[in-house]
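Asks: coordinates only, no sequence provided:
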């Protein structure tokens, strides 16, 4: 069983503390966990800390056979590479120069999973922002991770792209038993697609639990400074309604 | 119902094999381009060997190359002993500078990067000038170039190995060495100054067999190291964060490549002087032809760079009959308009 747990995990840049003693429950394969909080709350740092790109006090306890997959925030880098090559590239890093048929199958599979097979021949420099993010997700998927972390994969994208990417993530968790950690700005999306949520504020974990336990009017008032109410829609799903900024 | 499912399955398989077919066709297209470059290289080498005070036909050169017994002794000596070292040196230096430029552009993600923007060449020129003007023996071009590289290396380690740090340090180096160069020219004798100026123009006539073998072995030894980092280097072009997410350590890689690049550039500049443009243009041409997958981009850059020098050398021999114009002048003067044409006409957004 794939699991991830943080035990009193800290991180700092220079002397400035970014994360302070984050302790989480043990997350398991099949779960989608939303990471919430304002900009600069420490979400990206938390991802980097889990990946081992930063070292500090505390333990990151991971039980998985494959390295953690990670989709960083989009930086819009350009290069003369076809989408197909750029995804293959992500897979080949730990595999030597020779490309095996199995590697190509995995590229095909990742592109198909995200419905971007038709983009394969395009240059990555010619893609729209939304397409770039799907390619970036494919680059993470092609490494066949059991744990996948995504840093704001839906920021400022077409609604269609946002929903389709989140649907894919939900399916990966349900069908392949992947553990997915995703930083989201849209709380409505978190309510709809995630099982659990963590709320970060100034480097501290101030709430965690099921999405319904974390995304509450009281906490949103405190962290996001908005007044909200949560209602059930006709299908019985919780809906977040934002009333005003305060 | 079953027919429907089967049809959908076929459609999916078709779509899947389409991506793979694209990949395979792309690979074979690139292999063809590399082969064509090798042929072009051989052809221009023959033309280069044929030209000079005594002119031979291409047939004679090919005969002298493959069946040395069948041509006159004079032709054999001129082709093999006089022109060959110079021509081969041109290939190796062209390839070295171009590979160095390609790697600089890759690790710094900057289309302007080349061994010259790094300050290594400026350091080498200064070292050479010091030697030529005042006969300060140990400080030759190579030592100065390596010193510059290690200085940049050490300073960027101290401040964090980011693109900005390296670029800023390099620009500082270029300015410092150019000023020191001017200082030497101010104090040195008239004859010394003209020797220095001629040296900085870059000339292949300084080539000898031992120099060729040194340059070749450095290039050959560094290639496997680069091949090992092939995928990682390609990943660098997607940005540090993306490279990290693929398991690459961008900072460590940048430092390692920096040392190798400096070594290549230092050797080239120390042996034939300042030949600009190749380190910039070779990689750009290779990128247009082959894309940036390092498996093809790296050998492609080496071949493009190797191709520019013999072509330049041919032009430098025929432009004024009887005079061999320093190659550094030719490559820039003739090459740059062609290069601009290529780059400005290429529509893909790559930076």
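Replies: Structure received. Just so you know, these numbers come straight off a predicted model, no measurement behind them. Numbering: from 1, shown residues only, chains lettered A, B, ... in the order given.

Asks: can we go C-alpha only for contacts and neighbour counts from here?
Replies: OK.

Asks: and residue A:173, how many neighbours?
Replies: 20 (other C-alpha atoms under 10 Å in any protein chain shown).

Asks: show me what the host helix or strand of it is packed up against.
Replies: Residue A:173 is part of helix A:159-176 when elements are defined by DSSP states H and E. Judged by 3 or more C-alpha pairs under 8 Å, 6 or more residues apart in numbering or on different chains; DSSP states H and E, helix A:159-176 is in contact with strand A:32-36, strand A:179-183, helix A:187-193.

Asks: tally of neighbours for the closest residue to residue A:166 other than its chain neighbours?
Replies: Spatially, and ignoring its direct neighbours in sequence, residue A:166 is nearest to residue A:193 (6.8 Å; C-alpha to C-alpha, 6 or more residues apart in numbering or on different chains). Residue A:193 is flanked by 19 other residues according to other C-alpha under 10 Å.

Asks: what does residue B:213 give?
Replies: Each residue near residue B:213 was counted by other C-alpha under 10 Å, and the total is 15.

Asks: one more: residue B:209?
Replies: Residue B:209, neighbours per other C-alpha under 10 Å, totals 14.

Asks: so residue B:111 sits right up against residue B:105, yeah?
Replies: Yes. With contact defined as C-alpha atoms under 8 Å, residue B:111 reaches residue B:105; the gap is 5.6 Å.

Asks: looking at the two, which is more packed in?
Replies: When neighbours are counted by other C-alpha under 10 Å, residue B:111 and residue B:105 differ, and residue B:105 comes out ahead with 21 against 17.

Asks: quick check: that one touching residue B:116?
Replies: No. Taking contacts as C-alpha under 8 Å, residue B:105 lies outside contact range of residue B:116: 11.7 Å.

Asks: pLDDT wise, what is the nearest residue to residue A:233 once chain neighbours are set aside at?
Replies: Among residues not flanking residue A:233 along the chain, residue A:239 sits closest, at 6.3 Å (C-alpha to C-alpha, 6+ apart). You'll see residue A:239 listed with a pLDDT of 85.

Asks: looks to me like residue A:239 is in a strand.
Replies: Yes. Judged by DSSP: H, G, I helix; E, B strand; the rest coil, residue A:239 forms part of a strand.

Asks: in the sheet, who's paired with it?
Replies: residue A:231 (DSSP bridges).

Asks: can you tell me how far it is from chain B?
Replies: 34 Å (C-alpha to the nearest C-alpha, to the nearest Å).

Asks: count the neighbours of that residue for me.
Replies: Per other C-alpha under 10 Å, the neighbour tally for residue A:239 reads 16.

Asks: can you tell me the SS state at residue B:314?
Replies: Quick answer, by three-state DSSP: residue B:314 is helix.

Asks: with adjacent residues omitted, what lies nearest to it?
Replies: Closest to residue B:314 by C-alpha to C-alpha, 6+ apart is residue B:48, at 5.3 Å.

Asks: if we can go back for a sec, tell me who's in contact with the residue nearest to residue A:166.
Replies: A:32, A:166-167, A:170 (C-alpha atoms under 8 Å, 6 or more residues apart in numbering or on different chains).

Asks: on that earlier part again, which SSE is the residue nearest to residue B:314 in?
Replies: Per DSSP H and E, residue B:48 falls inside helix B:2-50.

Asks: residues near the residue of chain A found nearest chain B, how many?
Replies: Residue nearest to chain B within chain A (C-alpha to the nearest C-alpha): residue A:79, separated by 4.6 Å. Residues lying near residue A:79 (other C-alpha under 10 Å) number 27.

Asks: isn't it up against residue B:235?
Replies: No. Residue A:79 lies out of contact with residue B:235 (C-alpha under 8 Å); the separation is 9.8 Å.

Asks: next, the nearest residue to residue B:287 once chain neighbours are set aside: secondary structure please.
Replies: Residue nearest to residue B:287 in three dimensions, not counting chain neighbours: residue B:297, with 6.4 Å by C-alpha to C-alpha, 6+ apart. Under the three-state scheme (three-state DSSP), residue B:297 adopts helix.

Asks: ok, now how distant is residue B:297 from residue A:35?
Replies: 40 Å (C-alpha to C-alpha, to the nearest Å).

Asks: how many residues are close by the spatially closest residue to residue A:60 that is not a sequence neighbour?
Replies: In this structure, residue A:60 finds its nearest non-sequential neighbour in residue A:6, 4.8 Å apart by C-alpha to C-alpha, 6+ apart. Per other C-alpha under 10 Å, the neighbour tally for residue A:6 reads 20.

Asks: for residue B:339, same thing?
Replies: 18.

Asks: does it touch residue B:280 like I think?
Replies: No. Using C-alpha under 8 Å, residue B:339 is not in contact with residue B:280; the gap is 9.5 Å.

Asks: how does chain A divide into domains?
Replies: A:1-68+A:145-213, A:77-144 (automatic domain parsing).

Asks: let me have those domains in CSV, extended by distance to residue B:158 and mean pLDDT.
Replies: What follows is the domains of chain A, written out as CSV (distance: least, C-alpha to C-alpha, whole Å; pLDDT from 0 to 100):
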stretch, distance to residue B:158, mean pLDDT
domain A:1-68+A:145-213, 14, 92
domain A:77-144, 26, 90
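
Asks: bridged to residue A:13, which residues?
Replies: Under DSSP bridges, the residues paired with residue A:13 across the bridge are residue A:16.

Asks: okay, it and residue A:42: tell me how far apart.
Replies: Residue A:13 is 11 Å from residue A:42, by C-alpha to C-alpha.

Asks: cool, residue B:200 as well?
Replies: 53 Å.

Asks: coming back round to it: okay, the domains of chain A, which one's buried deepest?
Replies: domain A:77-144 (a mean of 20; mean count of other C-alpha atoms under 10 Å in any protein chain shown).

Asks: and the end-to-end length of that one?
Replies: End residues of domain A:77-144 are separated by 23 Å (C-alpha to C-alpha).

Asks: and residue A:227, that's in a strand?
Replies: Yes. Under three-state DSSP, residue A:227 sits within a strand.

Asks: distance from the strand or helix carrying residue A:205 to the middle of the chain?
Replies: Assigned by DSSP H and E, residue A:205 belongs to strand A:204-210. Offset of strand A:204-210 from its chain centre (C-alpha atoms, centre = their mean, to the nearest Å): 17 Å.

Asks: cool, and stretch B:32-44?
Replies: The answer for stretch B:32-44 is 16 Å, by C-alpha atoms, centre = their mean.

Asks: list the buried residues for that stretch?
Replies: B:33-34, B:37-38, B:41, B:43-44 (16 or more other C-alpha atoms under 10 Å in any protein chain shown).

Asks: out of the domains of chain A, which comes closest to residue B:193?
Replies: Closest of those to residue B:193 is domain A:77-144, at 43.8 Å (criterion: C-alpha to C-alpha).

Asks: how is residue 150 assigned, secondary-structure-wise?
Replies: In the absence of a named chain, this looks at chain A. State at residue A:150, reduced to three classes by three-state DSSP: strand.

Asks: my bad, chain B
Replies: helix.

Asks: which residues does it contact?
Replies: Applying C-alpha under 8 Å, 6+ apart to residue B:150 gives the contacts residue B:259.

Asks: per-residue pLDDT, it?
Replies: Per-residue pLDDT puts residue B:150 at 80.
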